[in-house]
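In: Here is my input, please return the structure:
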Amino acid sequence: MRTTLAFACLLALAACKKESAPETTTTAPAKTELDSKGRRVVELAVTDKGFEPSPVKVKAGEPLLLKVTRKTEKTCATEIVIDELGDKSKTDLPLNTTVEIDFTPSKAGEVKYGCAMDKMVAGVLLVE
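Out: Residues are numbered from 1 along each chain as shown. Reported below is the predicted structural model:
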């Protein structure tokens, strides 16, 4: 009887599926070079997959120079909206032209940016 019970328990355990770990998003490091004005350079592209790379780790209080290039016509991201920029939150993204945006994140957390259609196509800066 014990053998049968032990065998039944083993079968029950074997039948249980182990939950797979949630997929982790690879965080691209921000470029390590500074421009002549001391800003960290972060290059972003708008592709068929959206804003790439994303997320990108940056530091609070560190001036950034975002260089954004739209490389596809198959997107609603013909402009980039960064709410934290206030009055200058929206910038046009002409096709195959690099647009430069000055931005200094003031506090830690996520800064979401994206297209003007309520950020349907979006990316994230992870501010540490």
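In: ranges for the helices of this structure?
Out: Remark: helices assigned in the chain by DSSP state H are 2-15.
In: Run through it and note the low-pLDDT ranges.
Out: 1-32 (pLDDT under 70).
In: wouldn't residue 41 be in contact with residue 35 here?
Out: Yes: if you go by CB atoms under 8 Å, residue 41 and residue 35 touch, sitting 5.6 Å apart. C-beta coordinates here come from the backbone N, C-alpha and C atoms, glycine included.
In: Find residues that contact each of those two.
Out: Applying CB atoms under 8 Å, 6 or more residues apart in numbering, one finds that residue 41 and residue 35 are jointly contacted by residue 65.
In: Check the offset of stretch 100-109 from the chain's centre.
Out: Here the centre of stretch 100-109 is set off from its chain's centre by 14 Å, with CA atoms, centre = their mean, to the nearest Å.
In: repeat for stretch 100-111
Out: The answer for stretch 100-111 is 13 Å, by CA atoms, centre = their mean.
In: buried set for it?
Out: For stretch 100-111, the neighbour count (16 or more other CB atoms under 10 Å) marks 101, 103, 105, 111 as buried.
In: Can you give me the neighbour number for the closest residue to the second one other than its chain neighbours?
Out: If I follow you right, that is residue 103. Residue nearest to residue 103 in three dimensions, not counting chain neighbours: residue 64, with 4.9 Å by CB to CB, 6 or more residues apart in numbering. Residues within reach of residue 64, counting by other CB atoms under 10 Å, total 23.
In: Contacts only, for residue 64.
Out: 30, 39-42, 58, 102-105.
In: One more pass at 6 Å, please.
Out: By CB atoms under 6 Å, 6 or more residues apart in numbering, the contact list for residue 64 reads 39-40, 42, 103.
In: Turn the buried residues of stretch 100-111 into JSON lines, columns for distance to residue 53.
Out: Formatted as JSON lines, those follow (distance: CB to CB, whole Å):
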{"residue": "101", "distance to residue 53": "16"}
{"residue": "103", "distance to residue 53": "16"}
{"residue": "105", "distance to residue 53": "17"}
{"residue": "111", "distance to residue 53": "14"}
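In: out of the residues you listed, which are inside strands?
Out: 101, 103, 111 (DSSP state E).
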